[in-house]
Every structure is written in structure tokens, then in C-alpha cells.
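In: Got a predicted structure plus its sequence, pasted below:
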Amino acid sequence: MKGWYKGWVKSLLAIVLIAALVYVGVLIGVKYRLNQYLAAKEEQGVPVRYQKLKLKLFEGTATFIAPDLTLKKELKAGYTGTLRFESIKIKDIGYIKLLWTGNLTIDYIELKQLNGLLIKGETKSVTENKSTEKSDELGFAIKLKELILTHANLTVLNQNEKRPLATLSDFNLEIEDILVSSRTLEKSFPFTGNSYAITSGPVYLKATAYEDLTLQSISGDSNYTVIKDISYQTVLPPEDFSKGLAVERDHYNITIDSLSFTQLQLTERQKDSLGIAAEHINLHQPYIKIHRNKLVAEDSRYKPMYGELLRKAPIAIQVNHFNFYNTYLAYTEKTKDFNDGGILTFEDMEVEIQNLGNTYSSPLKLHFETQFMGAGKFDADWTFNVRDTTEAFVFKGRLVDFDMRKVNSFTKPVANTELEGNMSELYFTIDGHNYQSTTNLKARYTDLGVYLIQPNSGKRKAIINTILNLFLPSNSQKKEEPFKTSATKLQRDVSRSPFNFVYKSLEKGLQEAML
């Protein structure tokens, strides 16, 4: 009996010893393969250094303690620099496949406490490379089933400038099926993915060469996400900004209380197509000030209609509802050296856009209501089909009970004119396409007058010829018909914006109705 017992114990000890040896051997083999994998990445331009490696075979995880990841020029990612982490944890490692083939498939990764500084260099378009697949082979592609990023702080600098291009503070993201590659970044996508959860502290982006974008916080998930305290600002003040321009460009001062998304998706629709989709995007309390200096040379390049812009966008766009709530919009136009320009305001504006994108067969519909210059209710509807290459559109509007004196803050500094009277009712419909519009208009007004202001003396002089302005000194209620009507056509100046096309169409209709 004792012999049997001793034999059983010896066998058990042998099994345990063999298992321990196998376990240790697997650990050594896995560490070797992981270091071999990292060595290959270093050859591609991504050296990784770490203090310690923890392996848990039964959990299928590998955790790198205090790793430093360096991006070198050889990676051809357009960025160089160092990313430091508290830890990097890789989950669901296929150890058998790794041991036998040396191939490491990373599907799940957790990055803790990122602190990084990247330098953006000059980059070539992906189309200038041999292929997107080639750039992926070089290591410039991250495709995971799940990514967890916690408490990340990142700064991106331009190699030729000291000011940051971007900063992230306390950024946290958990996302499934994420893809980051040269192609996504080329199209200004940070990544594509499915279900996500996100929180962040302040974020800064150098949006353009002239404008900065900042926001104070992000929170939410794929069902609902909100961004708070957004600012989009032209860095220089208007006068200094204009001095550096070769052609005219708008100066922006925009703040938004919050921007919310419902069912937001950043997706890879096809192999070569990225897309953004949402059920609702809502802007709450946008405060928008736009300044344009007309003393700067005009930009004579072709200006596409909005349908063409959407149709030719490099990504697929599908936003079912896009809304602006409690919006203030002020547009200032400077045409003379000796004043600050004229201003038009749209207050308490509500905007609703349906089918915003380039994937719909149904037309895009825009409706807005506002108090124009704080004096009259103005509402309008703008409809067009993005798929229609003729750019056909209909713009219908109504202005009621408008005190004409309110518009003098624009007409006086811009055209040395002042207006009086009341526009009781104005209705118009503009049917157009890329090159021509037809405007049908009817107006009823009382006691309208236009006065020319002498620049030096400030004296007023009543004028009869009012071609210089939209509103003429006439009284439709004194005529036989209650409304004065017009039907006019206008050829579009394709070097001007679609909004200018609508404005000029309305202007011509008003002139015809009131002469």
C-alpha cells in the first residue's frame, strides 16, 4: 500500500513539475515572441521600452508596466514624438498562435495614463503612397475590437511653430471596432468605430491657419453625447486679420453653450468610404459674429452650391435632424475705411434641417424663424435635393411688421443711406439652379423713405432713385392693389456664395416690385 502511495505521489509531483516547466517555458516563449514583435515594430519606426512585463496565461493578458512608445520618421505617420503610459494591457492574446507563428493579433487593448507629446511634420496624401494597404503594412494602422483609453493627456505641436496644434486633457474613451489609419486621419477622422463611451476635460484644436477651436468638456456614449462651452475664434482682431489677407475671408467669433449628438456613428461604410451619421445634432445657444472686410480683394474662385459641396464631400454624411436653438447671428460688413462697417442681426433664431447629408434620396429641407434686426419676424424654407446635379432649389420666405429704421445700422455705414417706414408684409419665392433664379414677390409697405447721408456733414437728402438700396420710397397701400408684385430673373455670379445668390435674387425682386 505504501508503495502504491509513494508511486502516486511521485507521479503527481512529476505532473506538477512538468506543468510548471511547461508554464515557465510558455512564459519564456511568449516573452521572447512579444519582444520579437516589438523589435519588428522598432524596425518600422516605433520603438517601445518598458520597465516590466506581466503575463497571465490563463487570462490571456500581457501588461507592459511604464512603457514608452516613440514614433519616428520611418513610420511615415506624419508625427514624431513619445507617448508614455502607466501601463498597456493587451487582452485575449492567442498564445499558441503567437508561439508557433510569431504573429501577434491585438484585438483588445487598455491604455492607462497616457502623457504624450507629438510633433506634426510634413505628410503626403495617402494617394501619393503606393496604396493604403502599404501604409497599413508600415504599421500606420490600428484596428481593434475594443480600445480602452483612460486619463490621457496629449499635446501635438507643429514642427515649425511653438503653438500647439491640439491638446487633450483627461481624455477617456472606450470604443468597440475602432480603426485609426492614415486614411482616417487624411479625411480628418480621429477614428471610426461602433459603440463608445467618452468623457474629457478641455480640448484645444488649431482648426485652420486662422482659427482656434476650444471646448471645455465631453461626456456621453453612442446613444447621447454632449460637448459643452465651445468656442471657435479667429485669432487676430478683425483689422489685423484683414491686413494679412490676399483675398477676403470671414472673421469668426463663435461660442456655443452646448452641442449634443443622438446616436452618433463614425463608421467605415465601405473599404474606401468613411461616414458620419446621427439621428439628431443640436446646437444650443449659438452666439455667432461674422465680420467681412470688403476692402480686401474678392476671392474670384468658383463657389459651389451647397448641394454640390455635400455631394462631393470626401465622407458619407447622414444626419436626420440638425437643429439650432436660441441662436444669435450678427454679420458685419466693412466697405469704407472711415467706419467699422454695417451690421445685420438675426435674434432668437431657430433652425431645423432635415436630411442633412449626401446619402438621402429625399430632399434636404431647412426651415428657420428669427427676429430680423430685433424688429420683424422673418421665416423661410430652403429645399434642394443633393443628388440633383442642376442644383435646383426653392427658397420661400416671409417678413412681417418690419420697422425699416432698424436696418440703418447696416445701410448708413455701408451705403450712406437711411430708411424710414414700415414693411407690413413681404412674401417671396425663389426658384433657381446653379446659374439662374426666378423670383416671385409681393410686398405691402407704408410711408417708406430713403435718404442719402452726406459723409462730411451728416445731413440727410431725400432721394427718388433708390437703386442703391433694397427698399424704395413708395407706398403700395396708396395704389389700387393691396400688394405690389414682381417676377424677375437673375444670372448667378458663380464666384459668389449661394447666400449671395439668394440675397441678390431677393434684391432684384424688391427693386422691380417697388419701382
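Out: Structure received.
In: got the buried residues for stretch 448-464?
Out: 448-453, 463 (16 or more other Cβ atoms under 10 Å). For every residue, glycine as well, the C-beta is placed using N, CA and C.
In: actually stretch 423-432, not the one I wrote
Out: 423-428, 430, 432.
In: Figure out the length between the terminal residues of stretch 91-106.
Out: Its start and end residues considered, stretch 91-106 measures 8 Å (Cα to Cα, to the nearest Å).
In: mind checking the longest strand of this protein?
Out: strand 273-293 (DSSP state E).
In: I'd like to know how many residues surround Glu239.
Out: By other Cβ atoms under 10 Å, the residues close to Glu239 number 12.
In: Give me the secondary structure label for it.
Out: Under the three-state scheme (DSSP: H, G, I helix; E, B strand; the rest coil), Glu239 adopts helix.
In: again with Lys504
Out: helix.
In: these two touch, right, it and Leu490?
Out: Yes: with contact defined as Cβ atoms under 8 Å, Lys504 and Leu490 form a contacting pair (5.9 Å).
In: Compare those two and say which is more crowded by neighbours.
Out: Under the neighbour definition other Cβ under 10 Å, Lys504 and Leu490 were set side by side, and Leu490 has more, 20 against 17.
In: quick one: contacts for that one?
Out: Residues in contact with Leu490 (Cβ atoms under 8 Å, 6 or more residues apart in numbering) are 436-437, 439, 501, 504-505, 508.
In: Then Arg292?
Out: Counting by Cβ under 8 Å, 6+ apart, Arg292 has contacts 248-251, 331-334.
In: Next: Glu239.
Out: By Cβ under 8 Å, 6+ apart, Glu239 has no neighbours at all.
In: how far away is it from Lys336?
Out: 13 Å (Cβ to Cβ, to the nearest Å).
In: C-terminal to the helix or strand of the chain with the lowest mean pLDDT, what's the next element?
Out: Least confident helix or strand of the chain, by mean pLDDT, DSSP states H and E, is helix 132-137 with a mean of 40. Downstream of helix 132-137, the first helix or strand assigned by DSSP states H and E is strand 141-158.
In: Parallel or antiparallel, which strands does that next one pair with?
Out: strand 108-112 (parallel), strand 115-120 (parallel), strand 164-181 (antiparallel) (DSSP bridges).
In: Please tell me how far it is from the chain's geometric centre.
Out: Centroid displacement of strand 141-158 relative to its chain, using Cα atoms, centre = their mean, to the nearest Å, is 20 Å.
In: Give the buried residues for it.
Out: Neighbour count says strand 141-158 has 141, 143-157 buried, by 16+ other Cβ under 10 Å.
In: do stretch 320-328 as well
Out: 320, 322-325, 327-328.
In: How far does it sit from its chain's centre?
Out: For stretch 320-328 - counting by Cα atoms, centre = their mean - the centre lies 15 Å from the chain centre.
In: With stretch 338-352 instead?
Out: Taking mean C-alpha positions (Cα atoms, centre = their mean), stretch 338-352 and its chain are 23 Å apart.
In: Go through that stretch and flag the buried ones.
Out: Neighbour-count burial for stretch 338-352 [16+ other Cβ under 10 Å]: 341-346, 349, 351.
In: Need the CA coordinates for that stretch. PDB is fine.
Out: The C-alpha coordinates for stretch 338-352 follow below in PDB (Å, rounded to 0.1, in the frame of the first residue of the first chain):
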ATOM      1  CA  PHE A 338     -13.600 105.600 -42.100                       C
ATOM      2  CA  ASN A 339     -16.100 103.400 -40.200                       C
ATOM      3  CA  ASP A 340     -16.300 100.000 -38.600                       C
ATOM      4  CA  GLY A 341     -18.900  98.700 -41.100                       C
ATOM      5  CA  GLY A 342     -22.600  97.900 -41.100                       C
ATOM      6  CA  ILE A 343     -24.200  95.200 -39.000                       C
ATOM      7  CA  LEU A 344     -27.200  92.900 -39.600                       C
ATOM      8  CA  THR A 345     -28.600  90.800 -36.800                       C
ATOM      9  CA  PHE A 346     -30.800  87.800 -36.500                       C
ATOM     10  CA  GLU A 347     -32.000  87.200 -33.000                       C
ATOM     11  CA  ASP A 348     -33.900  84.400 -31.300                       C
ATOM     12  CA  MET A 349     -33.300  82.300 -34.400                       C
ATOM     13  CA  GLU A 350     -34.500  78.700 -34.500                       C
ATOM     14  CA  VAL A 351     -33.200  76.500 -37.400                       C
ATOM     15  CA  GLU A 352     -34.300  73.000 -38.300                       C
END
